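Asker: got a predicted structure here, sequence first:
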Amino acid sequence: MAELHLHIEGTLQPELIFALAERNGIELPYVDLDELRSRYEFTDLQSFLDLYYANMAVLRTEQDFADMTRAYLARAASGGVRHVEVMMDAQAHVSRGVPLETCVNGVASALATSEREFGVSTLLIAAFLRDLPEDDALEVLEQLLAMNAPIAGIGLDSAEVGNPPSKFVRLYQRAAEAGLHRIAHAGEEGPASYITDSLDLLGVERIDHGIRCMEDPALVQRLAKEQIPLTVCPLSNVRLRAVETLADHPLPAMLAAGLNVSVNSDDPAYFGGYVDDNFVQLTAVHGLTTAQRSALAANSIRSSFASEARKAELLGEVRAWEAAAGSISG
């Protein structure tokens, strides 16, 4: 399967936070791991973002970024991920004095050896913070292009409510001119109209989250007809109170409506699970069948920006897994 909705900063595990703080001589506001973990109870997206950005303070050097990325890749590979499209919040690092080259080169160095080391092909997505001005995002994008950063596309994340897609039309036009893929978070806490605007105003090829589309039957019909990819993050949605419990999650209804959904982890260090954990818990609560799990994995691969040859290779692996799982259950 592929993971298409993954923030690399959201993979920063508590143990690594303390290790990097020690390496860089940073005094953390937490006495120990238990105190840090006690703060992982969130009431909404903003309460998570406050801790997410605070913990980034330990990321200072290329080696820090590379170590974080490599740790995620090893864990993802062990959970069956074969292709990942990693989002990085460059603005969050530049704004605290870390050179753009440091964060980009650190993450990219780990991604460059990922297929050889872990069997996981990768692409890098530059995600922009929607609660900052568009001009700030445009400046960073121009710097990324000038340095020939190895990015495949751009995304839009952070606080959704009050920061509509219409704020970023010029950013997405510039990315299109540069030949970059375009994705955006929409319809997690924000309304279903943000999904429509991301498609029509920003020209995105993929929607991150998108669960609130179910509030708009006409939009559901459009998404199903056009097979727009929706990168759903069930455990994240529960932890951020976008849905009350996993039993309330709309994923089964989205599948039943013919939507092109995939399962992803979002920020696994904070939300209690990697992709395989999401599948395990979804199966336990919703009774996902082998065919449904196979369809979700296939959706993730088809919705990726991987080469057609890589997609064909991975789809073959999914078919082989489904056949083997079917023979075991039979």
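Answerer: Good, I have the coordinates.
Asker: going forward, measure contacts between C-alpha atoms and count neighbours the same way
Answerer: Will do.
Asker: so what's Gly190 up against?
Answerer: By Cα atoms under 8 Å, 6 or more residues apart in numbering, Gly190 lies in contact with Glu160, Val161, Gly162, Arg212.
Asker: ok, 7 Å please
Answerer: When contacts are counted by Cα atoms under 7 Å, 6 or more residues apart in numbering, Gly190 touches Glu160, Val161.
Asker: tell me the buried residues in the lengthiest strand in the chain?
Answerer: Assignment by DSSP state E gives strand 121-129 as the longest strand of the chain. With burial defined by 16 or more other Cα atoms under 10 Å, the residues of strand 121-129 counted as buried are Ser121, Thr122, Leu123, Leu124, Ile125, Ala126, Ala127, Phe128, Leu129.
Asker: how far out from the middle of the chain is stretch 18-37?
Answerer: 25 Å (Cα atoms, centre = their mean, to the nearest Å).
Asker: name the residues that touch it?
Answerer: Here stretch 18-37 makes contact (Cα under 7 Å, 6+ apart) with Pro14, Val58, Asp64.
Asker: output those as CSV; include the columns distance to Asp248, secondary structure and neighbour count.
Answerer: Formatted as CSV, the contacts of stretch 18-37 follow (distance: Cα to Cα, whole Å; DSSP: H, G, I helix; E, B strand; the rest coil; neighbours: other Cα atoms under 10 Å):
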residue, distance to Asp248, secondary structure, neighbour count
Pro14, 29, helix, 17
Val58, 36, helix, 23
Asp64, 38, helix, 23
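Asker: on that earlier part again, just checking, what packs against the longest strand of the chain?
Answerer: strand 83-88, strand 153-157 (3 or more Cα pairs under 7 Å, 6 or more residues apart in numbering; DSSP states H and E).
Asker: now those in CSV, with mean pLDDT, mean neighbour count and distance to Glu313?
Answerer: CSV is the format used below for the helices and strands packed on strand 121-129 (pLDDT from 0 to 100; neighbours: other Cα atoms under 10 Å; distance: least, Cα to Cα, whole Å):
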stretch, mean pLDDT, mean neighbour count, distance to Glu313
strand 83-88, 98, 26, 11
strand 153-157, 98, 23, 23
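Asker: show me the shaky parts of this structure.
Answerer: 327-330 (pLDDT under 70).
Asker: quick one on the thing from earlier: quick one: which of the contacts of stretch 18-37 is nearest Gln173?
Answerer: Asp64 (32.7 Å; Cα to Cα).
Asker: report the contact partners of the closest one.
Answerer: Taking Cα under 7 Å, 6+ apart, one finds Leu20 in contact with Asp64.
Asker: separation between it and Gly10?
Answerer: 14 Å (Cα to Cα, to the nearest Å).
Asker: repeat that for His286.
Answerer: Counting by Cα to Cα - His286 and Gly10 are separated by 26 Å.
Asker: who has more neighbours out of those two?
Answerer: A count of neighbours by other Cα atoms under 10 Å puts Gly10 above the other of His286 and Gly10, at 23 against 14.
Asker: confirm that that one sits in a helix.
Answerer: Yes. With DSSP: H, G, I helix; E, B strand; the rest coil as the criterion, Gly10 is located in a helix.
Asker: that one reaches Ala269, doesn't it?
Answerer: Yes. Because the distance of 5.9 Å satisfies Cα atoms under 7 Å, Gly10 is recorded as touching Ala269.
Asker: ok, and what's touching stretch 115-132?
Answerer: With Cα under 7 Å, 6+ apart as the test, stretch 115-132 has contacts from 73-74, 77, 81-91, 111, 114, 137, 150-160, 163.
Asker: give me the number of residues near Ser38?
Answerer: Neighbour tally, Ser38, other Cα under 10 Å: 9.
Asker: the stretch 201-330 of the chain: helices as residue ranges?
Answerer: Per DSSP state H, counting those that start in this stretch, the stretch 201-330 of the chain carries helices over the ranges 217-226, 234-239, 251-256, 268-271, 275-286, 290-302, 308-329.
Asker: can you lay out these as a markdown table showing distance to Leu36?
Answerer: Below are the helices of the stretch 201-330 of the chain laid out as a markdown table (distance: least, Cα to Cα, whole Å):
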| stretch | distance to Leu36 |
| --- | --- |
| helix 217-226 | 40 |
| helix 234-239 | 16 |
| helix 251-256 | 31 |
| helix 268-271 | 11 |
| helix 275-286 | 22 |
| helix 290-302 | 33 |
| helix 308-329 | 38 |
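Asker: so Ala186 touches Ile207, yeah?
Answerer: Yes. Contact criterion Cα under 7 Å: Ala186 and Ile207 qualify, at 6.4 Å.
Asker: tell me which of the two has more neighbours.
Answerer: Ala186 (31 against 26).
Asker: run through the bridge partners of the more buried one.
Answerer: Judged by DSSP bridges, the bridge partners of Ala186 are His209.
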